[in-house]
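Novice: Predicted model and sequence follow; I will ask about them next.
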2 protein chains.
Amino acid sequence: MRNKYKNLNDFQKIINYKFKNVKLLSQALTHSSYANEHKMSKFENNERLEFLGDAVLEIVTSDFLFRKYTDMLEGELTKFRASIVCEPTLANFSNEIKLGEYIRLGKGEENSGGRFRASVLSDAVESLIGSIYLDGGLESARQFILTTLLNDVEKRKLFIDSKTHLQEIIQKTSEEPIEYIIVKEKGPDHNKLFMVEVRHEGKVIGYGRGRSKKSAEQDGAYDAIKNI
Amino acid sequence: MRNKYKNLNDFQKIINYKFKNVKLLSQALTHSSYANEHKMSKFENNERLEFLGDAVLEIVTSDFLFRKYTDMLEGELTKFRASIVCEPTLANFSNEIKLGEYIRLGKGEENSGGRFRASVLSDAVESLIGSIYLDGGLESARQFILTTLLNDVEKRKLFIDSKTHLQEIIQKTSEEPIEYIIVKEKGPDHNKLFMVEVRHEGKVIGYGRGRSKKSAEQDGAYDAIKNI
């Protein structure tokens, strides 16, 4: 069995936040399936923290976008915010802080690929934010969010919108469609990895990979945009 | 023409918050239809403030519920929060601070009953919260929300759920259905007022009134619960 306290120390270095009450962090990383399996109380899993973290993420992101993009109207701001606080973006972000490696899952959830599931990862990001908020207050949570998730917000927006964005770029000069071709699938059903080639006018203009076809395509489109 | 600055002073007394920058309040009360009609910039209506206020309301409500209801699981907390930050509750609340009287509307919107429209009122509540947040920070906004909207949160929850709640009470002792009967409709189409009698086993057990049949029924159910 791994030493969970060592793990939590490592993780606190990755997220660059040191908990006063490390039990909060431990709770943020406890999926309901683990709590159930270990006969823990329903109040010891990460779901209440997720409820709180969701709202913390919302206000920090809204405040940030409101002040940074003074030339954006409400509709654009709302879309921008939605592209950041949505499941794919948060799941994608969770990889950057290796969050999946630290989540405590029940065996059934583990065996069905829960550690790589976007919903599990995205929820855990919100729980983590909720736990930092409870431990250190709004400013600690804001600091964490600003220096990580919102650090390169244009890139994240681009990532989410990559297929649309690539389409807009391409159609300025060409009427040929963009093709996304799955060139490889790896791993068992519950833990697949897809590889995609993005082709245009017979040439490969980008490569992508992801846990779903959709996310591999976005990754490929993002790669293509960088190459153009 | 009414003196708008006198109005804003009155309004600040009602909400018990004095703005350092009263222009923010004025903007929070400016519906897009008014801004359009007066050839104001799109950045002078209340929509960006609404974007911000929505998130402020969310975090203040979430933090409040999380700490107050330590025995509620995430699912219940989420439902409770949704019942507070939803359009009917916010529109209902707007009446308590007479918000509708202070909103600046365009003529078309005015003539079609916009001053009494739940969406207009609910959006303006969020804009108002956004404007207090910008003017005085999170703690000022929290103070306003806690002393008004969240002051009697059980009552609000009850109000939203009154029909369900009444049904649960009644069916414990009786199989007779509850009837909601519209006994009167007043006013022009765009500004109707409905009056409802709540009947059970041939007796009137509550009276309600509201701008829609639905809200009059909820009001009637709430009245019945108080009478039981």
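Specialist: Yep, it's here. Numbers count the residues shown, from 1 in each chain, chains lettered A, B, ... in the order given.
Novice: Show me where chain A dips below the pLDDT cut-off.
Specialist: A:1-6, A:158-159 (pLDDT under 70).
Novice: give me phi/psi at residue A:197?
Specialist: Listed backbone geometry of residue A:197 is phi -110, psi 140, with angles given as degrees, to the nearest 10.
Novice: show me the contacts for it.
Specialist: Residues in contact with residue A:197, defined by Cβ atoms under 8 Å, 6 or more residues apart in numbering or on different chains, are A:180, A:181, A:183, A:204, A:206, A:207, A:220. Where C-beta positions appear, they are placed from N, C-alpha and C, glycine not excepted.
Novice: do the same with residue A:191
Specialist: Applying Cβ under 8 Å, 6+ apart to residue A:191 gives the contacts A:113, A:116, A:211.
Novice: ok, now with 6 Å
Specialist: Residues in contact with residue A:191 (Cβ atoms under 6 Å, 6 or more residues apart in numbering or on different chains) are A:113, A:116.
Novice: Residue A:220 is in what secondary structure piece?
Specialist: Following DSSP states H and E, the helix or strand that holds residue A:220 is helix A:213-227.
Novice: ok, now residue A:182?
Specialist: When secondary structure is defined using DSSP H and E, the element that contains residue A:182 is strand A:178-186.
Novice: hmm, who's touching that strand?
Specialist: Residues outside strand A:178-186 that contact it (Cβ under 6 Å, 6+ apart) are A:170, A:192, A:193, A:194, A:195, A:196, A:197, A:198, A:199, A:200, A:217.
Novice: Swap in 10 Å and give it another go.
Specialist: When contacts are defined by Cβ atoms under 10 Å, 6 or more residues apart in numbering or on different chains, strand A:178-186 is touched by residues A:163, A:166-167, A:169-171, A:192-202, A:204-209, A:213-214, A:216-218, A:220-221, A:224.
Novice: just the helices in chain A please.
Specialist: Across chain A, reading from the start of the chain, the helices by DSSP state H fall at A:4-15, A:22-28, A:32-37, A:47-68, A:74-84, A:87-96, A:99-102, A:107-111, A:118-136, A:138-147, A:153-160, A:162-170, A:213-227.
Novice: and the first one, C-alpha only, in PDB?
Specialist: Going back to what we said before, that points to helix A:4-15. Extracted C-alpha coordinates of helix A:4-15, given in PDB (Å, rounded to 0.1, in the frame of the first residue of the first chain):
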ATOM      1  CA  LYS A   4      -1.000   8.300   1.300                       C
ATOM      2  CA  TYR A   5       0.600  11.100   3.400                       C
ATOM      3  CA  LYS A   6       3.700  11.100   1.200                       C
ATOM      4  CA  ASN A   7       1.300  11.300  -1.800                       C
ATOM      5  CA  LEU A   8      -0.500  14.300  -0.400                       C
ATOM      6  CA  ASN A   9       2.800  16.100   0.200                       C
ATOM      7  CA  ASP A  10       3.800  15.500  -3.400                       C
ATOM      8  CA  PHE A  11       0.400  16.700  -4.600                       C
ATOM      9  CA  GLN A  12       0.600  19.900  -2.500                       C
ATOM     10  CA  LYS A  13       3.900  20.700  -4.200                       C
ATOM     11  CA  ILE A  14       2.300  20.200  -7.600                       C
ATOM     12  CA  ILE A  15      -0.600  22.500  -6.800                       C
END
